[in-house]
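Chemist: please find the sequence and the predicted model below.
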Amino acid sequence: PAPAPRRPSRPLLPASIPVVMRVVSVISGCAFLASVALVCVHNAGQRNQIPARLGRGLARSANTKTALSQFRGLRNAAKIPTTTDSRPLCRRTHSTLSPAMPEPKPVELAPCPFTVWGEKDIDIDAIQRDTTPLPEFPLEISSEAAGPDIDSERAFFQQNKEDILDKLTKHGAVVLRDFKITKTPQGFRDMWENGLQLSPCQDPLQSVAARTTVSQKDGVFEAVNKPSLNKYFVGMHNEMVGTRTPRKAAFVCFKPAEKGGEFLILNGQQMLRDLKPEFLKKLYNDDMRYAVAQFPMGFLQDKPEFLTNLLKPVIKSVLDVAIKGKVDFYTESVWDTYTNNGDLVLQVRAAPNPPVLRHPETGEPVWFANIHSHSAKLRDMRAKIYSDGDEGRDKTTGSSKINLTDVFFGDGTPISEEDLKHVAEVTMKNVQFIKLNQGDVVLIDNYKAQHGRNVFEGTRKNAVTWFE
């Protein structure tokens, strides 16, 4: 039998829609051609280097040929050179630090080194019995030892490179006072690159959040200057994210705050001698674990239990996938109500690690525990002391909203409030508040010394470069 005639298919769109689409296509095509024309005009202007004022005058001219003739006449009269490429005629000037030196190429940052955890073979009792005097902390070097100008300062760093770096390893921190060369990002780079010949590395925060740069081409990063965080007391810590730890750092002041904002340093070896032996041994034997971020989930607490039990695994799985695609170290998400006084959060925790390490170069035991900076309870206590209870975190944006930390023993159990207060007392007893002026630099051995920042008022411009 002959096949039945096909039934006409129902149109997917009303008859008027194709007409509208054609009109939209025509308009889009015209817009595209117009944008191409604008780009061509812009490139032509770049090739001929038409000055802005002449360009505006030509645009107002009704006769294009007359206008171009006028421009050529003015150009020839003024002897304005032309170029056939897109390079600007106005050459960038060389650095004012050294007129004879061409401007350096953008710095190349090596990957931040992995943390050197070493063997877990440290005798805590032996550390605390040791009464050998520790080296002066920090050691200060004045510009008076260098000479009266930038050239003599550059020569000073080049000639004394080995001595300065040996002192940094021995003392843990070296403060460079009143140097002229380090008052700008370019001069600061000149000091560590051509003088001390240090090898810069990426910010360890790179895998978590992008830190603002003061000068990207010079590898200079901002050091917590946000006005929204001026009431936030940055607790004492070694710079370490996940499994990445820079060996050294250079913190520089380009402008001190009108009030406060001191750079804080702490001798980690002194911490090991002053902490209670029973607490230190328990922490070392059990390891410690950081919560590196948390996501508020309080909206689940007022939902029916069956719905909460249904949603929790889904939310946790989605977050685990998202975090694994963002960071380069092991994490585990954990439901928690301890950190936020009963409010439910999904907390991201890193792998357990020891609080005491051996220095990668000297083998000396060093305090490598960011309890003071990462503990949520200690953070709240500092807010009451330094910020009247308001650190201004409600004004922050981006990653600062979720990068709320906490710290636990390695098995996830909380560290008692008594022990946390003990850590805070020993820490603040040994912290030194270093007032920096423009050009002052603090070199830090990131394994031996911890750093932080006081609250401040006004505008503060401090920066940092990290090193392998």
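Modeler: Cool, got the structure.

Chemist: so residue 414 touches residue 338, yeah?
Modeler: Yes. With contact defined as C-beta atoms under 8 Å, residue 414 counts as touching residue 338 (5.8 Å). Every residue, glycine included, has its C-beta placed from N, CA and C.

Chemist: and residue 302, helix, strand or coil?
Modeler: For residue 302, the assignment made with DSSP: H, G, I helix; E, B strand; the rest coil gives coil.

Chemist: okay, now it: neighbour count?
Modeler: 7 (other C-beta atoms under 10 Å).

Chemist: again, but for residue 161
Modeler: Counted with other C-beta under 10 Å, residue 161 comes out at 15.

Chemist: surely it and residue 194 touch.
Modeler: No. With contact defined as C-beta under 8 Å, residue 161 does not count as touching residue 194 (9.9 Å).

Chemist: pLDDT-wise, which helix or strand of the chain ranks last?
Modeler: helix 52-60 (a mean of 35; mean pLDDT, DSSP states H and E).

Chemist: who's in contact with the nearest residue to residue 134 once chain neighbours are set aside?
Modeler: Closest residue to residue 134 apart from its sequence neighbours, by C-beta to C-beta, 6 or more residues apart in numbering: residue 269 at 5.6 Å. Shown in contact with residue 269 (C-beta atoms under 8 Å, 6 or more residues apart in numbering): 134, 172, 364, 365, 366, 367, 448.

Chemist: out of those residues, which are buried?
Modeler: 172, 364, 365, 366, 367, 448 (16 or more other C-beta atoms under 10 Å).

Chemist: okay, now the unreliable bits of this structure?
Modeler: 1-102, 207-210, 339-341, 389-403 (pLDDT under 70).

Chemist: about what we covered before: so the residue nearest to residue 134 is in which element?
Modeler: helix 268-274 (DSSP states H and E).

Chemist: pull out the buried residues from the helix or strand that that helix is followed by.
Modeler: Using DSSP H and E, the helix or strand that directly follows helix 268-274 along the chain is helix 277-286. Burial within helix 277-286, assessed by neighbour count using 16+ other C-beta under 10 Å, is assigned to 279, 280, 281, 283, 284, 286.

Chemist: one more: stretch 460-468?
Modeler: For stretch 460-468, by 16+ other C-beta under 10 Å, it's 460, 461, 462, 463, 464, 465, 466, 467.

Chemist: list the beta-bridge partners for the closest residue to residue 176 other than its chain neighbours.
Modeler: Excluding its sequence neighbours, the residue lying closest to residue 176 (C-beta to C-beta, 6+ apart) is residue 441, at 4.2 Å. Going by DSSP bridges, residue 441 is paired in beta bridges with residue 176, residue 252.

Chemist: dump the contacts of residue 269 to CSV, plus secondary structure and distance to residue 141.
Modeler: Output for these, formatted as CSV (DSSP: H, G, I helix; E, B strand; the rest coil; distance: C-beta to C-beta, whole Å):
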residue, secondary structure, distance to residue 141
134, coil, 19
172, coil, 14
364, coil, 22
365, strand, 27
366, strand, 23
367, strand, 25
448, coil, 17
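
Chemist: nearest to residue 423, of those?
Modeler: Distance to residue 423, by C-beta to C-beta, is smallest for residue 367 among those, at 10.1 Å.

Chemist: so the closest one makes contact with residue 449?
Modeler: No. Using C-beta under 8 Å, residue 367 makes no contact with residue 449, being 9.6 Å away.

Chemist: where do the contact lists of those two overlap?
Modeler: In contact with both residue 367 and residue 449: residue 268, using C-beta under 8 Å, 6+ apart.

Chemist: quick one, what contacts the residue nearest to residue 288 when sequence neighbours are not counted?
Modeler: Take residue 288 and drop its neighbours on the chain: the residue closest to it by C-beta to C-beta, 6+ apart is residue 355, 5.3 Å away. Residue 355 is in contact with 280, 283, 284, 287, 288, 367, 368, 369, 371, counting by C-beta under 8 Å, 6+ apart.

Chemist: now residue 355. Its backbone dihedrals?
Modeler: phi -90, psi -10 (degrees, to the nearest 10).

Chemist: and it, how far is that from residue 259?
Modeler: Distance from residue 355 to residue 259, counting by C-beta to C-beta, to the nearest Å: 34 Å.

Chemist: for residue 115, same thing?
Modeler: Taken as C-beta to C-beta, the span from residue 115 to residue 259 is 36 Å.
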